[in-house]
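Asks: just need the structure, nothing else, for what follows:
(one chain, ligands or ions: 3)
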Amino acid sequence: MADRSAKFNILKLVKILSFSLLFVVLVCFVAAIVRTLTFDVNAGLQLAHWEKTNNIASDINQHQRKELLENFRVFPTVFSSHLVQHEVVANYSHLFWVPGSDLALVPYMLLAHIDVVPADESDGWEAPPFSAKEIDGFIYGRGTIDNKQSVMGILQALEYLLIRGYSPRRGFFIGLGHDEEVSGFQGAMNIVKVLKKKGVQLVFVLDEGLAVLDGVISGLQGPAALIGVTEKGQATVKLSVFKAPGHSSMPPRESSIGILAGAVKRLEDNPMPMLFGGGPDRRTFEHLAHKFGLPLKFVMSNMWLFSSLIGRVLERRPDTNAFVRTTTAVTMFNSGVKVNVLPSLAEAYVNMRIHPAQSLQEVLEFIQSTVGDERVKMELVNGFDPLPVSSYDETSFGFQTIKKTVLDQFPQVTVAPGICIGNTDSRHYTDLAKDIYRFAPTWIRPGDTQRFHGIDERISKKNYEELVIFYFNLIQNCDIKELPSPHSAGHEL
Ligand SMILES: CCCCCCCC/C=C\CCCCCCCC(=O)N[C@@H](CC(N)=O)C(=O)O
Ligand SMILES: [Zn+2]
Ligand SMILES: [Zn+2]
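Replies: Ligands and ions are numbered 1, 2, ... in the order given. Model (predicted):
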């Protein structure tokens, strides 16, 4: 009898538990649906009352459109205006200072770099890489999207503003580095030294980096302007194996090349863990969530449940994979001088880009344990941690002013914070500015991400003009004394 009653009680308990579980699942499901329908972390300041400082119209007439392309190198007004101070730093880099009329306003700084990575026409370019040849409305050439578009865009915008009688209320600096592609140790670092000596502090810095992605994020309706609020860290590690040299007719069981190749293969076969979901990468997708159709909108609005699923999808393509983990790239491999000599030394360079959720130290430990062979020596050539995350809330002057400028010009775009997957000169500016952003409105469409440091780097004439207008408007927008209050959104009668 007691047995039957115990059995009955257990059955009852199981029933109650099942119902409770079902109830909890149901509540979660309803909450997730409600969240999907209402989720929009990106409503922002767009409806607020912005002080109007962009009083000079940005129209470019037919004559100027022609001149804009012809005068690709010439900015006579910038270099002759009494408003602009210019100095050459470290022999080749340029620093400009345009003082503002209101000394109480903290200046900002625009950055770009004039150097480029090498390019070889024989790699298969459609046009010679230093010809700036125009094909179907695109200018082909090394540097057109990394980063001459910003160098020229900033200077051309300033040229137009000065011609049209502009003088800023908020002062600003322009820094054009000459060695960004080899880490900016001369250009950016010396510009920073000059500014530090003058005691300069900046309200924000805007450098190259992310872009307007159009059709690059699968499922997103419309283009996304991702503003880099941090950038990945980097570790360049040299791996080397020494072995006694000798005659190739009497080889040992393992050569220095073979041992090193095994180490490199282990690194490629064991990617660093997928880390999507903990930091600014998650915020990117939360900002974009309302621009996905169902069922993706449901997924993006409920990152607490689906972040690992999103990460798994993003890791499938090299450009989006870079967003979700520390990447491993073997970029150089050297050994051997003659076909019948066993080489004593084999060397390989591994370039890792460190996700914001990891540190340089963790990455070095990972390489060591993955290589797992004492014969392979490891040397850190250059490395640094991921950069601090800049502000992107509604009180963030730099982020909101850049966002407004983007949205005024491209209303169809959704703006979101992002992680810059490459490195920039701006990483040397952390002592001068708390807020550093990496963005230019360069339009990147499917297939374009491979053009960075690759073949057929190009920019459309239309996009170049848009860049000029962007900087033209941004400079004027920065003249506001402060951001509007988020509560000033217009409801008055
Ligand atoms: C879900 C988001 C997907 C993100 C897709 C990636 C979009 C790609 C857009 C822009 C490409 C990023 C290029 C960043 C600029 C890199 C500048 C550069 O090349 N820097 C050198 C500097 C150096 N030597 O350290 C670098 O190697 O990083
Ligand atoms: Zn660059
Ligand atoms: Zn580059």
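Asks: ligand 1 versus residue 479, what's the distance?
Replies: 28 Å (Cβ to the nearest ligand atom, to the nearest Å). C-beta coordinates here come from the backbone N, C-alpha and C atoms, glycine included.
Asks: likewise for residue 194?
Replies: Using Cβ to the nearest ligand atom, residue 194 is found at 21 Å from ligand 1.
Asks: is that residue in contact with residue 93, as I believe?
Replies: No: with contact defined as Cβ atoms under 8 Å, residue 194 does not reach residue 93; the gap is 9.7 Å.
Asks: those two: which is more packed in?
Replies: residue 93 (26 against 16; other Cβ atoms under 10 Å).
Asks: these two touch, right, that one and residue 180?
Replies: No: contact criterion Cβ under 8 Å: residue 93 and residue 180 do not qualify, at 9.5 Å.
Asks: find residues that contact each of these two.
Replies: In terms of Cβ atoms under 8 Å, 6 or more residues apart in numbering, residue 93 and residue 180 are both contacted by the residues 187-188.
Asks: in what helix or strand does residue 257 lie?
Replies: Element membership of residue 257, judged by DSSP states H and E, is helix 256-269.
Asks: quick one: residue 356 is in a strand?
Replies: No: the assignment for residue 356 is coil, going by DSSP: H, G, I helix; E, B strand; the rest coil, so no strand is present there.
Asks: tell me who's in contact with it.
Replies: Residue 356 is in contact with 230, 232-233, 279-281, 386, 389, 419, counting by Cβ under 8 Å, 6+ apart.
Asks: next SSE after the helix holding residue 257?
Replies: helix 280-288.
Asks: mind listing what's buried in that following helix?
Replies: 280-288 (16 or more other Cβ atoms under 10 Å).
Asks: pull the distance from stretch 184-196 to the chain's centre.
Replies: 21 Å (Cα atoms, centre = their mean, to the nearest Å).
Asks: please begin residue numbering at 56 from this point
Replies: Shifting the count to begin at 56 puts that one at stretch 239-251.
Asks: point out where the protein drops to low pLDDT.
Replies: Along the chain, segments meeting pLDDT under 70 span 56-63, 69, 126-127, 543-548.
Asks: chain neighbours aside, what residue packs nearest to the residue nearest to the spatial centre of the chain?
Replies: The residue lying closest to the centre of the chain (Cα atoms, centre = their mean) is residue 475, at 2.1 Å. Using Cβ to Cβ, 6 or more residues apart in numbering and skipping the chain neighbours, the partner closest in space to residue 475 is residue 283 (3.3 Å).
Asks: look up which residues are beta-bridged to that neighbour.
Replies: Beta bridges link residue 283 to residue 473, residue 493 when assigned by DSSP bridges.
Asks: does it really touch residue 471, like I thought?
Replies: No: Residue 283 is beyond contact range of residue 471, at 10.6 Å (criterion: Cβ under 8 Å).
Asks: thought residue 100 was touching residue 459?
Replies: Yes: judged on Cβ under 8 Å, residue 100 makes contact with residue 459 at a distance of 7.1 Å.
Asks: flag every buried residue along the longest helix along the chain.
Replies: When the chain is parsed with DSSP state H, its longest helix is helix 57-93. Neighbour-count burial for helix 57-93, counted by 16+ other Cβ under 10 Å, picks out 87, 91.
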